[in-house]
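Undergrad: How does the following fold in three dimensions:
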Amino acid sequence: MSVNRKNFGRAVLAGRAILEFTRIDLSSRARLGHETVARVERGEDGVSMNALAAIQRALEEAGIEFPDGTLRTSVRFRDEQGLSGCGIVADPSMPSGARCQLN
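TA: The predicted structure is shown next:
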(Lines give C-alpha, C1' and ligand atoms only; values in the text may rest on other atoms or scores of the structure.)
Protein backbone atom coordinates (compact mmCIF):
# COMPACT_ATOMS: atom_id res chain seq x y z
CA MET A 1 0.00 0.00 0.00
CA SER A 2 1.25 3.50 -0.72
CA VAL A 3 0.24 7.05 0.06
CA ASN A 4 -2.60 8.37 -2.06
CA ARG A 5 -1.15 11.83 -2.63
CA LYS A 6 -4.38 13.33 -4.02
CA ASN A 7 -6.38 12.27 -0.94
CA PHE A 8 -3.58 13.35 1.39
CA GLY A 9 -3.39 16.75 -0.31
CA ARG A 10 -7.12 17.28 0.05
CA ALA A 11 -6.93 16.21 3.71
CA VAL A 12 -4.06 18.64 4.34
CA LEU A 13 -6.09 21.46 2.81
CA ALA A 14 -9.14 20.49 4.90
CA GLY A 15 -7.08 20.20 8.08
CA ARG A 16 -5.49 23.57 7.46
CA ALA A 17 -8.95 25.10 6.95
CA ILE A 18 -10.29 23.57 10.18
CA LEU A 19 -7.34 24.98 12.09
CA GLU A 20 -7.58 28.31 10.25
CA PHE A 21 -3.90 27.99 9.33
CA THR A 22 -2.49 29.83 6.39
CA ARG A 23 -0.14 27.92 4.14
CA ILE A 24 2.69 29.87 5.75
CA ASP A 25 1.51 28.83 9.25
CA LEU A 26 1.62 25.16 8.26
CA SER A 27 4.91 25.44 6.42
CA SER A 28 6.47 27.07 9.47
CA ARG A 29 5.20 24.33 11.79
CA ALA A 30 6.41 21.64 9.37
CA ARG A 31 9.68 23.51 8.73
CA LEU A 32 9.13 23.45 4.98
CA GLY A 33 8.72 26.04 2.28
CA HIS A 34 5.17 27.24 1.63
CA GLU A 35 5.48 26.15 -2.02
CA THR A 36 6.16 22.60 -0.80
CA VAL A 37 2.90 22.71 1.17
CA ALA A 38 1.11 24.01 -1.95
CA ARG A 39 2.52 21.11 -4.01
CA VAL A 40 1.35 18.63 -1.36
CA GLU A 41 -2.15 20.15 -1.38
CA ARG A 42 -2.23 19.74 -5.17
CA GLY A 43 -1.27 16.06 -4.77
CA GLU A 44 1.93 16.35 -6.79
CA ASP A 45 4.26 13.36 -7.00
CA GLY A 46 7.61 15.16 -6.67
CA VAL A 47 7.38 15.88 -2.92
CA SER A 48 9.55 13.70 -0.66
CA MET A 49 8.05 11.31 1.87
CA ASN A 50 9.99 13.18 4.58
CA ALA A 51 8.18 16.40 3.64
CA LEU A 52 4.80 14.62 3.62
CA ALA A 53 5.54 13.11 7.04
CA ALA A 54 6.56 16.54 8.41
CA ILE A 55 3.22 17.98 7.30
CA GLN A 56 1.36 15.02 8.78
CA ARG A 57 3.16 15.46 12.13
CA ALA A 58 2.53 19.22 12.18
CA LEU A 59 -1.20 18.74 11.60
CA GLU A 60 -1.48 15.91 14.13
CA GLU A 61 0.35 17.97 16.75
CA ALA A 62 -2.20 20.74 16.13
CA GLY A 63 -5.12 18.35 16.69
CA ILE A 64 -5.97 16.97 13.25
CA GLU A 65 -6.56 13.24 12.75
CA PHE A 66 -6.65 11.26 9.52
CA PRO A 67 -9.17 8.53 10.49
CA ASP A 68 -9.04 6.75 7.12
CA GLY A 69 -5.37 7.27 6.38
CA THR A 70 -5.13 8.30 2.75
CA LEU A 71 -7.67 5.72 1.56
CA ARG A 72 -10.29 8.50 1.64
CA THR A 73 -10.17 12.24 2.11
CA SER A 74 -11.25 12.59 5.71
CA VAL A 75 -10.02 14.51 8.72
CA ARG A 76 -11.35 15.28 12.16
CA PHE A 77 -10.31 17.59 14.97
CA ARG A 78 -9.35 16.47 18.48
CA ASP A 79 -10.20 18.76 21.36
CA GLU A 80 -7.62 20.85 23.18
CA GLN A 81 -6.42 17.84 25.19
CA GLY A 82 -3.94 17.28 22.38
CA LEU A 83 -2.57 13.78 22.05
CA SER A 84 -4.05 12.45 25.31
CA GLY A 85 -6.48 9.70 24.44
CA CYS A 86 -4.83 9.30 21.06
CA GLY A 87 -3.14 6.05 20.14
CA ILE A 88 -0.72 5.39 17.33
CA VAL A 89 -1.95 3.04 14.62
CA ALA A 90 0.29 1.48 11.96
CA ASP A 91 -1.01 2.68 8.62
CA PRO A 92 1.13 2.14 5.51
CA SER A 93 -1.12 4.53 3.56
CA MET A 94 0.20 7.47 5.63
CA PRO A 95 3.50 9.26 4.91
CA SER A 96 4.96 8.35 8.32
CA GLY A 97 3.64 4.78 8.17
CA ALA A 98 1.44 5.46 11.21
CA ARG A 99 -1.25 7.87 12.35
CA CYS A 100 -2.90 9.06 15.56
CA GLN A 101 -6.32 7.70 16.35
CA LEU A 102 -8.66 8.53 19.22
CA ASN A 103 -8.97 5.70 21.70
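Undergrad: All the strands of this structure, in order from the start?
TA: In the chain, the strands defined using DSSP state E lie at 64-65, 76-77, 86-90, 98-102.
Undergrad: and the helix-or-strand element of the chain with minimal mean pLDDT, how far from the chain's centre?
TA: None of the helices or strands of the chain scores lower by mean pLDDT, DSSP states H and E than strand 86-90, at a mean of 80. Relative to its chain's centre, strand 86-90 lies at 14 Å (C-alpha atoms, centre = their mean, to the nearest Å).
Undergrad: partner strands of it, parallel or antiparallel?
TA: Next to strand 86-90 in the sheet, as set by DSSP bridges, lie strand 98-102 (antiparallel).
Undergrad: Quick one: mean pLDDT over the partner strand.
TA: Mean pLDDT, strand 98-102: 82.
Undergrad: Surely Asp68 is in contact with Ser74?
TA: Yes - applying C-beta atoms under 8 Å as the test, Asp68 and Ser74 come out as touching, 4.7 Å apart. Backbone N, C-alpha and C define where each C-beta goes, glycine included.
Undergrad: Can you tell me which residue is spatially central in the chain?
TA: Gln56 (3.1 Å; C-alpha atoms, centre = their mean).
Undergrad: Please read off the pLDDT at that residue from the model.
TA: 96.
Undergrad: Spatially, what comes nearest to it if we skip its sequence neighbours?
TA: In space, and not counting its chain neighbours, Gln56 is closest to Pro95: 5.1 Å by C-beta to C-beta, 6 or more residues apart in numbering.
Undergrad: Is it correct that that neighbour is in contact with Arg5?
TA: No - judged on C-beta under 8 Å, Pro95 makes no contact with Arg5 at a distance of 9.2 Å.
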